[in-house]
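any chance you can model this:
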Amino acid sequence: MLVNNEIGTIQPIKELCTVAHANGTLFHTDAVQGVGHLKIDVQDLGIDMLSASAHKFNGPKGIGFLYIRRGTQISSYADGGTQEFSRRAGTENVASIVGMAAALKGNCDCLDVHSTSINMLEHQLLNKLSAANIPYKRNGGEKTLPGLISLSFAGADAEAIYHRMDLAGICIATGSACNSGSTEISHVLKAISLNKEQAKGTIRISLGKNNTKDDVEQIIHVLKIMDDEKNSKELNAP
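Down below sits the predicted model:
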């Protein structure tokens, strides 16, 4: 992955690609979470293939693309026709392809503006959390995708936070969006060595170009109410 979809970590793809090539191996990166939100130079990264999905950059759902470095040999995905240089038989979904291209161009043209705005909202959120004395742990390391924020609240219940946010009209996630039917602690949270108490209190907040300072204030308001309730129960416990 170029960007981890749960905790936002931007991976050292260029370095990993160098290792792969030194061992005679082709390198593919899943860039679904990053395309349209980060400046990506396939020549600089040195990758052989890159995949992306349109819905992640405001395009139609159900369409994506695969970049293949010129000269890279791959087998056909589906036989029976000569479409897409015989790599994938079947009529192309032209309307969705055009929609995807337009959405990607729109996002890339405003990438710097959007990144600046989202970074400001992210800093607002984290500063307000600290100012409210709500204890939390930010996951993902030092280099993360702007706006993709994984937070762990020790002793809290992520599902309870999720439902309280939902009642307030706020959409968050308790884990990977690709695994929404599971309440198990994800392999990603296990891999970064969160203890069980932290993992059970982990939520993912995704801030985008259409979010505002008021949205952040609402998130903080709900978290503050829940933290006060938690502290009150602990004080009144026998």
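
for Ile149, grab phi and psi.
Phi and psi for Ile149, reported as degrees, to the nearest 10, are phi -120, psi 120.

how about the contacts made by His221?
Ala168 (C-beta atoms under 8 Å, 6 or more residues apart in numbering). Heads up, the C-betas are built off the backbone N, CA and C, glycines and all.

confirm it sits in a helix?
Yes - applying DSSP: H, G, I helix; E, B strand; the rest coil, one finds His221 inside a helix.

state the distance from it to Thr202.
In this view, His221 and Thr202 are 20 Å apart by C-beta to C-beta, to the nearest Å.

same deal with Gln11?
20 Å.

neighbour-wise, which of those two wins?
A count of neighbours by other C-beta atoms under 10 Å puts Thr202 above the other of Gln11 and Thr202, at 27 against 16.

now that one, nearest residue through space, not along the chain?
Of all residues not flanking Thr202 in the chain, Ser152 sits nearest, at 4.4 Å (C-beta to C-beta, 6 or more residues apart in numbering).

list the contacts of that neighbour.
By C-beta under 8 Å, 6+ apart, the contact list for Ser152 reads 136-137, 139, 194, 198-199, 201-202.

which SSE is the closest residue to Ile134 other than its chain neighbours in?
With C-beta to C-beta, 6+ apart as the criterion, Ile134 has its nearest non-adjacent residue at 4.8 Å, and that residue is Asp227. Applying DSSP states H and E as the criterion places Asp227 in helix 213-236.

quick check: buried residues in that helix?
Neighbour-count burial for helix 213-236 flags 215-216, 219-220, 222-223, 226-227, 230 (criterion: 16 or more other C-beta atoms under 10 Å).

bridging residues for the residue nearest to Thr202?
Per DSSP bridges, the residues bridged to Ser152 are Lys137, Thr202.

mind jotting down where the helices sit in this structure?
In the chain, the helices defined using DSSP state H lie at 13-22, 42-45, 94-109, 111-131, 158-167, 187-191, 196-200, 213-236.
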